[in-house]
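K.L.:
Structure of the sequence below:
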Amino acid sequence: MNKYFLFRGCLIPTRLPFLERSSLFVLDKLGVDHLAMSSATCCVEPIGLRSLAEDTWLMVTARMLAIAEKNGRDILSLCNGCYLSLEESRQELENESTRTRVNAVLGEMDLHYGGNVKVRHFAEIVREAGEGKIRALVSCKQDRLKLAAHPGCHMVRPSSKLNLDDSFAPKVLDEIASWCGSEVVVSEEWPKCCGGGIAGIDEKISTRMLDDATSTFRPGGANCILTPCPFCFVQFDIRQKEGLPVLYLAELLALAFGATPEQIGLKYHKTRLP
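P.N.:
Residues are numbered from 1 along each chain as shown. Next up, the predicted model:
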């Protein structure tokens, strides 16, 4: 059985701790060996911060990969952006000369990275558990939910770096939702960006992107949005005009596995479930 360091990122522990609660509930039900990652820092988010200082990004992410390797664990991410940042770093560090240059600095921290860590996404762990195991754990079918599935950008793009799901017509969320008894009624062939990445730069453009991304959800018959990304969650729950409630992927699974709304903090959603 694989052992993981749980990488929560920044947004979940600072603004959305209830998403961590549902994630832990699900991982425990699945029997996943996980520990909180000690001395974790920001992943140096792959769009804005990385573009300002790529060497800093690589060193910061390499440090966390090295900590995981030193402890004999892979990294399990609860956030799309963290998943992309850490996975891109892992791939860049497959280059021996790059790894040697980075290890020269890591050595000053009594760390060394040998290239033996995997970076996994929460959705990937659930998919690998398999339909049989997920259905066996379902005690409360979520059949009242008609879902619009929104994977978010950084679970499927760039396709040259990520292979968790197809970048065109992704299906992982649809599959997992069906195992929970829900129906996905809107599934984007080419997932649109929610605009969260530029919300702090140009709110008007961000809002237009969000409106465009959600424009087909309610007309398609959805009464709830499903996403595995905490940044998308914030956009949908706080800034979305359509008024559709949103579930983080772990919340859907936790409810299906018998968690009560109180256990996983659904009261902290701005828009309540149907």
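
K.L.:
Helices along the protein, start to end?
P.N.:
Secondary structure of the chain (DSSP state H): helices at 11-15, 17-30, 48-52, 54-70, 80-92, 96-106, 122-129, 131-137, 153-156, 172-179, 203-214, 230-234, 249-256.

K.L.:
got those helices as TSV, with mean pLDDT, distance to residue 36 and mean neighbour count columns?
P.N.:
Every C-beta, even on glycine, is put in place using the N, C-alpha and C of the backbone. Below are the helices of the chain laid out as TSV (pLDDT from 0 to 100; distance: least, CB to CB, whole Å; neighbours: other CB atoms under 10 Å):
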stretch	mean pLDDT	distance to residue 36	mean neighbour count
helix 11-15	94	10	16
helix 17-30	98	9	20
helix 48-52	73	23	14
helix 54-70	95	12	20
helix 80-92	94	14	24
helix 96-106	98	21	14
helix 122-129	96	15	20
helix 131-137	98	23	14
helix 153-156	82	22	26
helix 172-179	96	24	21
helix 203-214	93	32	16
helix 230-234	94	17	25
helix 249-256	98	16	27
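
K.L.:
Of these, which is nearest residue 3?
P.N.:
Smallest distance to residue 3 across those (CB to CB): 9.5 Å, for helix 54-70.

K.L.:
Can you tell me which of the helices of the chain is nearest to residue 41?
P.N.:
Nearest of those (CB to CB): helix 54-70, 6.0 Å.

K.L.:
Direction-wise, compare the closest one with helix 80-92 and give the angle.
P.N.:
Per axes from the mean of the first three to the mean of the last three CA atoms, to 10 degrees, the angle that helix 54-70 makes with helix 80-92 is 90 degrees.
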